[in-house]
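Asker: Generate a structure from the sequence data that follows.
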Amino acid sequence: MHRIFNSLSTALGERDADTRMHSDRVIELSRELGMHIDLDSQELAMLAQGARLHDIGKIGIPDHVLRKPSRFEQDEWETMRQHPLIGERIILAIGNECATQLAAVVRHHHEAFDGSGYPDRLRGTEIPLYARIVSLADNYDAMAVSRPYHPGRPHHEIMDILSNQEAEKFDPDLLHAFRHVIERSPMRAP
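Answerer: Below you'll find the predicted structure:
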């Protein structure tokens, strides 16, 4: 099983090295938060796999969208919003005992705590715990690292943005825990 997930992660890296590096950072941030909230070793392993594969669906996004060096137009945004669904299909195709739980992380990592996210507009604890954790780590890293369409933001600015979205985009309890974790993390933005 582990080899299959490593193979998928390698395929993602071959498709888009930046997304693979982003996923590696999301794994670490997710793992740190998972340890802080006392997940056991099996739960941490599942969380890490979900973080590793959260963007696997980007394999199916056309280059003109995936590699666009500026903000998306509406139709491009709709195309990009398909990556959780594509990723879910890829993970479910594995067909092993972990696939369903991992597919849920992949599908729901862009849901929002207030129900305004996608693809299913889940709200609150309807969103799987691992997906809520990955969402926080994913958003932090996406803002911390420079992209063609925006420079990396400093830590204090990222935390202000996350705090402004508390209970809207993010689980307030997890965000509270994340505030403690990120201050001591080697993944903390400057």
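
Asker: CA atoms for contacts and neighbours, from now on please.
Answerer: Fine.

Asker: right, and the helix or strand after the helix or strand of the chain with the lowest mean pLDDT?
Answerer: Lowest on mean pLDDT, DSSP states H and E among the helices and strands of the chain sits helix 2-15, with a mean of 86. Once helix 2-15 ends, the next helix or strand along the chain (criterion: DSSP states H and E) is helix 17-36.

Asker: Check the gap between Arg179 and Asp173 for me.
Answerer: 10 Å (Cα to Cα, to the nearest Å).

Asker: Comparing these two, which shows the higher neighbour count?
Answerer: Arg179 (14 against 11; other Cα atoms under 10 Å).

Asker: what about Glu43, neighbour count?
Answerer: Other residues lying near Glu43 total 15 when counted by other Cα under 10 Å.

Asker: tell me which element it falls in.
Answerer: Following DSSP H and E, one finds Glu43 within helix 41-53.

Asker: Give me the buried positions along stretch 43-58.
Answerer: By 16 or more other Cα atoms under 10 Å, the buried positions in stretch 43-58 come out as 44, 46-58.

Asker: ok, now stretch 124-135?
Answerer: For stretch 124-135, burial by neighbour count (16+ other Cα under 10 Å) applies to Gly124, Ile127, Pro128, Leu129, Tyr130, Ala131, Arg132, Ile133, Val134, Ser135.

Asker: Provide a list of residues in contact with Leu174.
Answerer: Arg132, Ile133 (Cα atoms under 8 Å, 6 or more residues apart in numbering).

Asker: ok, now Phe113?
Answerer: Contacts of Phe113 (Cα under 8 Å, 6+ apart): Leu122, Arg123, Gly124, Thr125, Ile127, Ala167, Glu168, Lys169, Phe170, Asp171.
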